[in-house]
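Colleague: Structure, please.
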Amino acid sequence: MKDMPADQTVLPPQPREYPGVNWEGLKTLYLREVRRFMKVGMQTLAAPVVTALLYMLVFVVAVGGGRPVHGVEYGTFVAPGLVMMQILSNAFANSSSSLLQAKFNGLMGDFLTPPLTPAEHVVGFGLGAATRGVVVGAVSLAAILPFARLPVAQPWAIAFFGIGAALIMGFIGIMAGLWAEKFDHMAAVTNFVIMPMTFLSGTFYLVERLPEPFRTASHYNPFFYLIDGFRYGFVGQAEGSLLAGVIMTLVLVLATGWACLWMFRTGYKIKT
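Modeller: Coordinates of the predicted model:
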C-alpha cells in the first residue's frame, strides 16, 4: 500500500490557542461558581442571615444590653464583627466545598480539561468565593441594620477589609479543598482553625480586656485585624494598628493567592 502524499495527509485538529488571558473561559468558571451558590439561596444566603440575627439576639439583648463599648452602643460594636464573620465563613465554604465535591464526584477533569491556566483557575475560584462572601455580608448587614444603628465613618475601610477578607478566605478555601481527601478533613479545618480564630478575634469583646497571654496572642490573629479594620470603617475607632491591618491584609492576599497558584501548577493532589 502506497503512502498517502504529504499534501493529502489528514491531520487531527490542532488545539485552539488563547493568547494572553482566556477571558471567556475565566468568565465561565466565575459564573459557574456564582450560580452554584445562588441556586441554593436558602442555604447560602438565608441561613447566614438567620445565624447573624440569632447572634444579635443572644449577645446584644440577652448579654450586652445597652452597655457602651468605646463610646458606642454594644449593638453597634458587635454588628460589624457579625457581618465579617459571615464574609469569612461563606467565602471559605464556597471554594472549599466546590473543589472537594468535584474531587469526590470525579469531576476535576471538568476544570482541568478546558484551556485555563493555573492563574485563571485561581482567579475564577477565588473571585467566585469572594463574591459569595461579599453578597452574604451585604445581605446580613441589611438584616442587622434595623436592630443596630451603624454609622459609616470610613467607607474605604469597609470596602478594603471586606473584599480583602473575602479574597483571603476564598484562597484558603481553595487550598483546603485541594488538600482535603475527605469531608472529615474539611470539618477539622472549620472546627479547629476557622471557628476558634473567628471567635477569639474580638468580635464580641475588646481584646484589651483579656488577661495575658491571651491579649498579646490575639494581636497575632489575622482575623482580629480584619474585623477591627472593618469595624473601624463604621464607627471610626480601631483597637489595633490600622496600618498593620492594611499591610497584613495585602500580604495575606498575595501569599494565599501564590500558594493556590503553586498548588494548581504542581497538580497538588489533583494529578495522580
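Colleague: Just list what the strand or helix carrying Phe230 packs against, helices and strands only.
Modeller: Assigned by DSSP states H and E, Phe230 belongs to helix 222-235. Secondary-structure packing of helix 222-235 (3 or more Cβ pairs under 8 Å, 6 or more residues apart in numbering; DSSP states H and E): helix 74-104, helix 155-179, helix 195-199, helix 242-266. Where C-beta positions appear, they are placed from N, C-alpha and C, glycine not excepted.
Colleague: can you count the residues close to the residue nearest to Ala79 when sequence neighbours are not counted?
Modeller: With sequence-adjacent residues excluded and distances taken as Cβ to Cβ, 6 or more residues apart in numbering, Ala79 is closest to Ala148, at 4.2 Å. A count of nearby residues for Ala148, using other Cβ atoms under 10 Å, gives 20.
Colleague: Quick one: residues contacting Ala148.
Modeller: 56, 60, 73, 75-76, 78-79 (Cβ atoms under 8 Å, 6 or more residues apart in numbering).
Colleague: For Val58, see how far away it is.
Modeller: 14 Å (Cβ to Cβ, to the nearest Å).
Colleague: Which residue, neighbours along the chain excluded, lies closest to Phe214?
Modeller: Leu200 (7.8 Å).
Colleague: List the residues that contact the one you found.
Modeller: Leu200 sits in contact with 214, 218, 221, 223, where contact means Cβ under 8 Å, 6+ apart.
Colleague: residues near the first one, how many?
Modeller: Translated: Phe214. The burial count for Phe214: 10, using other Cβ under 10 Å.
Colleague: Do you know the pLDDT at it?
Modeller: For Phe214, the model assigns a pLDDT of 77.
Colleague: for the second one, same thing?
Modeller: With respect to pLDDT, Ser218 has a value of 84.
Colleague: Looks like it contacts Phe224 (just checking).
Modeller: Yes. With contact defined as Cβ atoms under 8 Å, Ser218 reaches Phe224; the gap is 5.4 Å.
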